[in-house]
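1. output the structure for:
(one chain, ligands or ions: 1)
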Amino acid sequence: MNRSTYIGRFAPSPSGPLHQGSLVAALASYLDARAHGGQWLLRIEDLDTPRVVPGAAERICRQLSGLGLHWDGPVLVQSERDAVYRDAFDRLTRAGHIYGCGCTRKEIADSVLRRDGRLPDGEVPYPGTCAHGLPPGRHARAWRVRVPSGIVQFEDRWAGSQHQDVAADVGDFVLLRADGLWAYQLAVVVDDAAQHITDVVRGADLLASTPRQRVLQRLLGMPEPRMMHVPVVTNLDGQKLSKQTGATALDPAHALDDLRAAGRHLGLGDIVRADVASWLTEATRRWSARWGTAPRLGTDVAAGQAPTRRR
Ligand code: GLU
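-> Numbers count the residues shown, from 1 in each chain. Below you'll find the predicted structure:
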């Protein structure tokens with residue numbers, strides 16, 4: 001039995017099939033898990049139902065198998081876990097961390113504009129309009145968590161030391177959306193804890209979400225996994241490769257070429273092998289050498305014995 005202190009995961013949203021960009025996140029998390037002699041779990045993040053494409057989850061599973069990226073254990077499907085998110089939300093509510101918000105996006109932007117005379121380039125921080133109760137005549141559309149003041153700091157294994165003043169830069173953020181859906185930030189934190197994830201390895205587009213996730217982990221008393229955010233793949237215009245920017249679905253017939261490209265993107269050099277299994281063995285070896293993970297491939301990691309890691 002492979003008992004290990006490392007548990008990683010890949011958590012695709014089934015808004016379309018895997019493309020070269022999502023393969024990079026899948027491969028990095030897979031290699032890190034295997035390099036640590038750990039488990040690699042699969043979670044389907046299908047809560048944002050308007051964006052879910054029927055059949056995409058099954059297709060992603062087939063694509064991963066075709067690439068030799070075999071996950072451990074059962075697949076966790078977020079749409080089947082409403083009661084678990086409700087439970088976490090209720091706990092936060094009972095502890096006084098949640099309030100109802102009646103603001104529309106436009107009202108939020110207008111009040112920040114009135115207050116600051118301009119809108120920030122990125123996300124508009126919530127100005128706290130409903131934090132002390134809904135204005136008369138308004139009803140709650142969404143539910144927000146009160147963000148404690150202070151700087152959230154964490155070490156990212158790829159990007160280095162990170163810090164953010166979440167209360168100032170983001171403000172109280174939404175956990176239950178106006179359309180009645182659980183927000184990604186809540187579900188990801190609850191599921192990472194439920195799956196005992198020790199290490200999150202994912203695309204750098206989610207680096208900015210991590211401080212919010214740390215806030216929730218602290219309020220819910222959940223463990224804080226180690227983080228690694230790998231560079232995202234961009235198209236020729238410098239946009240992140242995604243379905244919206246025209247990324248094409250991976251074709252199982254080109255598995256080795258797709259793995260080679262993803263490996264190069266992750267700084268592993270050009271790995272040429274005749275089949276996916278030996279390609280992945282060599283990629284795991286190189287990942288291990290680069291990231292200083294336990295060189296124990298093919299052997300069990302003794303229970304309770306943490307693999308050596310470079311910080
Ligand atoms: N479901 C998210 C996505 O596909 C990833 C979530 C995560 O890795 O935390 O972008």
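
2. without its sequence neighbours, what residue ends up closest to the residue of the stretch 201-311 of the chain found nearest the ligand?
-> When scored by C-beta to the nearest ligand atom, the stretch 201-311 of the chain has Arg202 as its residue closest to the ligand, at 3.8 Å. Yep, even glycine has a C-beta here, placed from its N, CA and C like the rest. Leaving aside its sequence neighbours, Arg202 sits nearest to Ala25 (C-beta to C-beta, 6 or more residues apart in numbering; 5.2 Å).

3. who are the neighbours in contact with the one you found?
-> 10, 201-203, 230 (C-beta atoms under 8 Å, 6 or more residues apart in numbering).

4. quick one: which of those is most hemmed in?
-> Counting neighbours by other C-beta atoms under 10 Å, Val201 leads the contacts of Ala25 with 26 neighbours.

5. which element is that one on?
-> strand 199-203 (DSSP states H and E).

6. beyond that strand, next helix or strand please.
-> Toward the C-terminus, strand 199-203 is succeeded by helix 210-220 as the next helix or strand (DSSP H and E).

7. packing partners of that following helix?
-> helix 82-94, strand 142-145, strand 152-156, strand 160-164, helix 166-169, helix 184-194 (3 or more C-beta pairs under 8 Å, 6 or more residues apart in numbering; DSSP states H and E).

8. now that helix: how far from the chain's centre is it?
-> Offset of helix 210-220 from its chain centre (C-alpha atoms, centre = their mean, to the nearest Å): 13 Å.

9. what segments of the stretch 1-150 of the chain are strands?
-> 7-10, 39-44, 76-77, 98-101, 142-145 (DSSP state E, counting those that start in this stretch).

10. what mean pLDDT would you report for the third one?
-> For strand 76-77, the mean per-residue pLDDT is 98.

11. give the buried residues for the helix or strand of the chain with the lowest mean pLDDT.
-> The weakest-scoring helix or strand in the chain, judged by mean pLDDT, DSSP states H and E, is helix 105-116 (a mean of 92). For helix 105-116, the neighbour count (16 or more other C-beta atoms under 10 Å) marks 108, 111-112 as buried.

12. show me what it is in contact with.
-> Contacts for helix 105-116 (C-beta under 8 Å, 6+ apart): 103, 119-120, 124-127, 129.

13. starting at the chain centroid, how far to that helix?
-> 29 Å.

14. then stretch 178-193?
-> On C-alpha atoms, centre = their mean, the centre of stretch 178-193 falls 11 Å from that of its chain.

15. show me which residues of that stretch are buried.
-> In stretch 178-193, the ones that count as buried by 16+ other C-beta under 10 Å are 182-193.

16. I'd like the average pLDDT over that stretch.
-> On average, stretch 178-193 scores 97.

17. now that stretch - C-alpha only, PDB.
-> Written as PDB, here are the backbone C-alpha positions of stretch 178-193 (Å, rounded to 0.1, in the frame of the first residue of the first chain):
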ATOM      1  CA  ALA A 178     -27.200  36.100  -6.200                       C
ATOM      2  CA  ASP A 179     -28.100  33.200  -8.600                       C
ATOM      3  CA  GLY A 180     -28.200  30.800  -5.600                       C
ATOM      4  CA  LEU A 181     -24.900  29.000  -6.400                       C
ATOM      5  CA  TRP A 182     -22.100  28.400  -4.000                       C
ATOM      6  CA  ALA A 183     -19.000  30.500  -4.800                       C
ATOM      7  CA  TYR A 184     -15.900  28.800  -6.000                       C
ATOM      8  CA  GLN A 185     -13.900  30.200  -3.000                       C
ATOM      9  CA  LEU A 186     -16.100  28.400  -0.500                       C
ATOM     10  CA  ALA A 187     -16.300  25.100  -2.300                       C
ATOM     11  CA  VAL A 188     -12.600  24.800  -3.000                       C
ATOM     12  CA  VAL A 189     -11.700  25.400   0.600                       C
ATOM     13  CA  VAL A 190     -14.300  22.900   1.900                       C
ATOM     14  CA  ASP A 191     -13.300  20.300  -0.600                       C
ATOM     15  CA  ASP A 192      -9.500  20.700  -0.100                       C
ATOM     16  CA  ALA A 193     -10.100  20.100   3.600                       C
END
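
18. how about that stretch and the ligand, any contact?
-> Yes: counting by C-beta under 6 Å from any ligand atom, the ligand has neighbours in stretch 178-193: Val188.

19. what's that stretch in contact with?
-> So stretch 178-193 is contacted by 9, 11, 43, 45, 47-50, 76, 78, 81-82, 84-85, 88-89, 141-142, 173-177, 200, 209, 212-213, 216-217, 220, 222-223, 225 (C-beta under 8 Å, 6+ apart).
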